[in-house]
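K.L.:
Predicted structure and sequence below. I'll ask about it afterward.
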Amino acid sequence: MDLVIRTLLKDFREGLSLPPGAPRLTWYGPDGERVELSGKVLDNWVAKTANFLQDELDAAPGGSIALDLPGHWKSSVLALAALNLGLTVRPGVPGNDEELSASDLVATADAGLLERAGDVDTQLIAVSLGALAPRWPGALPAGVVDYAAEVRSHGDVFLPWMDPTGQEMLLVSEDQAYDDAGLAAFATPTPEGARALVHATDGLTTVLAHSLGAWLAGGSVVLVHESVPVTERLLESERVTSGGARDA
């Protein structure tokens, strides 16, 4: 079966719609950083993350992960890796402890939640969002896994222990669930080959919908933190063709 998510990652890796060295995700962050991931590099990060989730946390098709994270390049990588594994992805802040415990894994940048690790019946993953952070800044409670510190040691090629069937519910958003074939319905319609501006402040669900829309249309994404001014110069230098009207 040709899964939508795996066809997309093959596109990143082999350059089916854009050369593999062309940017597919560019991040403008609050510390003045600009992180550019080509298709090949983005695929490598997704593979490393999928291997990390599988090898260290026993993630497998039919499992689930809540992404208690803002729009960010690492959030997008985690989402793509989870989809590739066949996990159900719940983007956005999960809410109360009962909702947290409904997911097998919770990736979070919330220090307060991490401090309560012993009170939450789920595996917590600490995700540092700092520009160059090699690990979580500070000590972590027992049992919490540090994403930044662990992910780099994993392989650039994902070798799944078990393949998803395509019938798993891969995304749950606003009480709607989408399987692999439904990812196109979740994605925001985007012109073919667009270089799409996406605003992190819109929340992770919307970021993923816009990003998947651009990628499935053979395009790329410029993701900007809310503190970054979206100027004409930025739009022109990044060659943005879609989504630039809001702040331009």
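P.N.:
Perfect, I can see it now. Residues are numbered from 1 along each chain as shown.
K.L.:
Under the pLDDT cut-off, which ranges of the protein? List them.
P.N.:
Along the chain, segments meeting pLDDT under 70 span 1, 93, 95, 244-248.
K.L.:
What lies in contact with stretch 125-136?
P.N.:
For stretch 125-136, the external contacting residues (C-beta atoms under 8 Å, 6 or more residues apart in numbering) are 29, 31-33, 35, 57, 69-70, 72, 74-75, 78, 105-109, 114, 137, 140, 144-149. Where you see a C-beta, it was placed from the backbone N, CA and C, and this is true even at glycine.
K.L.:
Stretch 236-244 too?
P.N.:
Surrounding stretch 236-244, the residues in contact under the criterion C-beta under 8 Å, 6+ apart are 26, 190-191, 194-198, 210, 214, 219, 222, 230, 234-235.
K.L.:
And the contacts of stretch 125-136, which of them are buried?
P.N.:
Using 16 or more other C-beta atoms under 10 Å as the burial test, the contacts of stretch 125-136 include 29, 35, 57, 69-70, 72, 74-75, 78, 105-109, 114, 140, 144-145, 147-148 as buried.
K.L.:
so how far is residue 76 from residue 215?
P.N.:
Applying C-beta to C-beta, to the nearest Å, the value for residue 215 to residue 76 is 10 Å.
K.L.:
part of a strand, is residue 228?
P.N.:
No: under the criterion used here (DSSP: H, G, I helix; E, B strand; the rest coil), residue 228 is coil, not part of a strand.
K.L.:
circling back to that earlier point, overlap in contacts of residue 215 and residue 76?
P.N.:
Residues touching both residue 215 and residue 76 by C-beta under 8 Å, 6+ apart: residue 221.
K.L.:
Would you mind measuring from residue 181 to residue 65?
P.N.:
Noted for residue 181: a distance of 20 Å to residue 65, by C-beta to C-beta.
K.L.:
Those two - which one has more neighbours?
P.N.:
With neighbours defined as other C-beta atoms under 10 Å, residue 181 and residue 65 compare such that residue 65 has more, 27 against 13.
K.L.:
mind listing what that one touches?
P.N.:
So residue 65 contacts 53, 59, 78, 82, 87-90, 103-107 (C-beta under 8 Å, 6+ apart).
K.L.:
List just the nearest of these to residue 44.
P.N.:
residue 78 (14.2 Å; C-beta to C-beta).
K.L.:
how about that closest one, what does it touch?
P.N.:
Here residue 78 is in contact with 49, 65, 67, 69, 107, 127, 147 (criterion: C-beta under 8 Å, 6+ apart).
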